[in-house]
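# One predicted model, sequence on top.
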Amino acid sequence: AQKITQTQPGMFVQEKEAVTLDCTYDTSDQSYGLFWYKQPSSGEMIFLIYQGSYDEQNATEGRYSLNFQKARKSANLVISASQLGDSAMYFCAMSPATGTASKLTFGTGTRLQVTL
Amino acid sequence: DGGITQSPKYLFRKEGQNVTLSCEQNLNHDAMYWYRQDPGQGLRLIYYSQIVNDFQKGDIAEGYSVSREKKESFPLTVTSAQKNPTAFYLCASSTGQGYYSNQPQHFGDGTRLSIL
């Protein structure tokens, strides 16, 4: 079974500063995928970034980067130059590598508030 | 534009009543999913389907049913057997191709279901 833990229920960051959202995971699989999603107050889930367990380099997508430490089983999301529009819930999720459907296991999320 | 359409946005259920949530996608994705989100929690998988006319139970399938008669459509029925149906329901789809399930899921805007 796979498990995702997000220990920060809420975070505050000032505009233009960087922030790190923590995510640890537990799995017995050798191959797996890690995802981060953003959920604004309107409710839709927006895909941000993906990291494969065998990827040697940390994933980056614009202002988002994933700090992947496989030995520690952590996959923290780093948002650089925070903007007011970044205020939302952020969810870490993982999928097994086997099978054709990427069944996702989600964490409980972190609510990020960007302040002026 | 390609995407996932969920309807209705809000739905109310009476005691003993079955209700059906609609999910349609025009992304030509093979795999579709239904998730339930309770306040302050992450998403939990109800059902998923990898191909037409095939679907599997997720982690919390009791009290729910689905069908997949068309590639584009994956309706979810919340039956009277689901005693606590009040939640936010999200439908998603993914290409589901390849052994390594690294394809992100694309989500609809969700349906909020409440008990009258």
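Received the coordinates, thanks.
# count of residues packed around residue 77?
Just so you know, I chose chain A. Residue A:77 has 27 neighbouring residues, counting by other CB atoms under 10 Å in any protein chain shown. Using the backbone N, CA and C atoms, a C-beta is placed for each residue, glycine as well.
# I was thinking of chain B, sorry if that wasn't clear
14.
# again, but for residue B:46
26.
# With residue B:108 instead?
Residue B:108, neighbours per other CB under 10 Å, totals 23.
# Next: residue A:87.
Neighbour tally, residue A:87, other CB under 10 Å: 17.
# Distance check, it against residue B:34.
As judged by CB to CB, to the nearest Å, residue A:87 and residue B:34 stand 27 Å apart.
# try residue A:51
Residue A:51 is 25 Å from residue B:34, by CB to CB.
# which of the two has more neighbours?
residue B:34 (26 against 23).
# quick one: contacts for that one?
B:21, B:23, B:45-48, B:58, B:64, B:66, B:74, B:76, B:89-92 (CB atoms under 8 Å, 6 or more residues apart in numbering or on different chains).
# What's opposite residue B:6 in the beta bridge?
residue B:23 (DSSP bridges).
# That one - how many residues pack around it?
Around residue B:6 there are 22 residues (other CB under 10 Å).
# now swap in residue A:55 and tell me
Residue A:55 has 15 nearby residues by other CB under 10 Å.
# and it, that's in a helix?
No - per DSSP: H, G, I helix; E, B strand; the rest coil, residue A:55 lies outside any helix segment and is coil.
# and it, how far is that from chain B?
Residue A:55 sits at a distance of 9 Å from chain B (criterion: CB to the nearest CB, to the nearest Å).
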